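J.: Quick one: sequence plus predicted model below, questions after.
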Amino acid sequence: MRIGLLRHFPVEQAFPRGWLTSGDLLDWRDRYDLAATTAGPFDLGGIDWPMCLSSDSPRARITASTVFPGAFEHTPLLREPQFARFGQGKVRMPAWAWWWALRLAWLTGHSSQRACRDEFLGRVTAVADRLCQSDGDILVVSHAVMMGWLSRELRRRGFVGPKLRIAEHAKVYVYERSPSAG
């Protein structure tokens, strides 16, 4: 059994620049979620995938319909994690500083982000459970952060494949069940 993780095509929304409030960052995320997707070359690893499961976000659905010739299923379980507004009001920081603050708060379970983190990790487990119950090879079209956590969970369950940090757009990363994984 093989599972292919594929990140959606690039999105036509630049990373935010300058000094932002927490609210500005949430506004940027909303624009990113609605931004157009640029279809381009893709790499399916030379595998003819018989099934495809996609995030229900527009960018993932567009990617799945471009790279997969048949009907595919889409689900909200494969969405990116969300983040909540910080309570700092009008505090402004550079965008990169917000990303580090969010990452730290999310990973440490800070009360401002704990519900978002726990909901996301529950989705990672649910997707991994579903994939492990599948009978055949399956292509999964999703997002960078989801792919990183799902990669970790699949390897924890005995699959062999690459450790992901930030996945490239439209490139498949293949995970195979090792013979000893049952």
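T.: Yep, it's here.
J.: Please make it C-alpha for all contacts and neighbour counts, starting now.
T.: OK.
J.: now the helices for the chain?
T.: When assigned using DSSP state H, the helices of the chain occupy the ranges 22-34, 58-67, 95-108, 114-133, 144-156.
J.: Now tabulate those in JSON lines and tack on mean pLDDT, distance to Thr75 and mean neighbour count.
T.: Supplementary listing: the helices of the chain in JSON lines, determined by pLDDT from 0 to 100; distance: least, Cα to Cα, whole Å; neighbours: other Cα atoms under 10 Å:
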{"stretch": "helix 22-34", "mean pLDDT": "89", "distance to Thr75": "16", "mean neighbour count": "16"}
{"stretch": "helix 58-67", "mean pLDDT": "96", "distance to Thr75": "10", "mean neighbour count": "21"}
{"stretch": "helix 95-108", "mean pLDDT": "88", "distance to Thr75": "23", "mean neighbour count": "15"}
{"stretch": "helix 114-133", "mean pLDDT": "96", "distance to Thr75": "10", "mean neighbour count": "16"}
{"stretch": "helix 144-156", "mean pLDDT": "96", "distance to Thr75": "13", "mean neighbour count": "20"}
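J.: Dump the ones you listed to a markdown table, plus distance to Pro81.
T.: What follows is these, written out as a markdown table (distance: least, Cα to Cα, whole Å):
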| stretch | distance to Pro81 |
| --- | --- |
| helix 22-34 | 11 |
| helix 58-67 | 14 |
| helix 95-108 | 10 |
| helix 114-133 | 6 |
| helix 144-156 | 7 |
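J.: So for Cys52, which of the ones you listed sits nearest?
T.: Checking the helices of the chain against Cys52 by Cα to Cα gives helix 58-67 as the closest, at 7.6 Å.
J.: For that closest one, which helices and strands make contact with it?
T.: For helix 58-67, the contact count by 3 or more Cα pairs under 8 Å, 6 or more residues apart in numbering; DSSP states H and E identifies helix 22-34, strand 52-55, strand 138-142 as packing neighbours.
J.: Centre of the chain to the shortest one, how far?
T.: Taking Cα atoms, centre = their mean, to the nearest Å, one finds the center of strand 52-55 at 11 Å from the center of the full chain.
J.: about what we covered before: minimum distance to Ala170: which of the helices of the chain has it?
T.: Comparing those against Ala170 with Cα to Cα, the closest turns out to be helix 58-67 (7.9 Å).
J.: angle of the closest one against strand 138-142?
T.: Orientation note: helix 58-67 sits at an angle of 140 degrees relative to strand 138-142 (axes from the mean of the first three to the mean of the last three Cα atoms, to 10 degrees).
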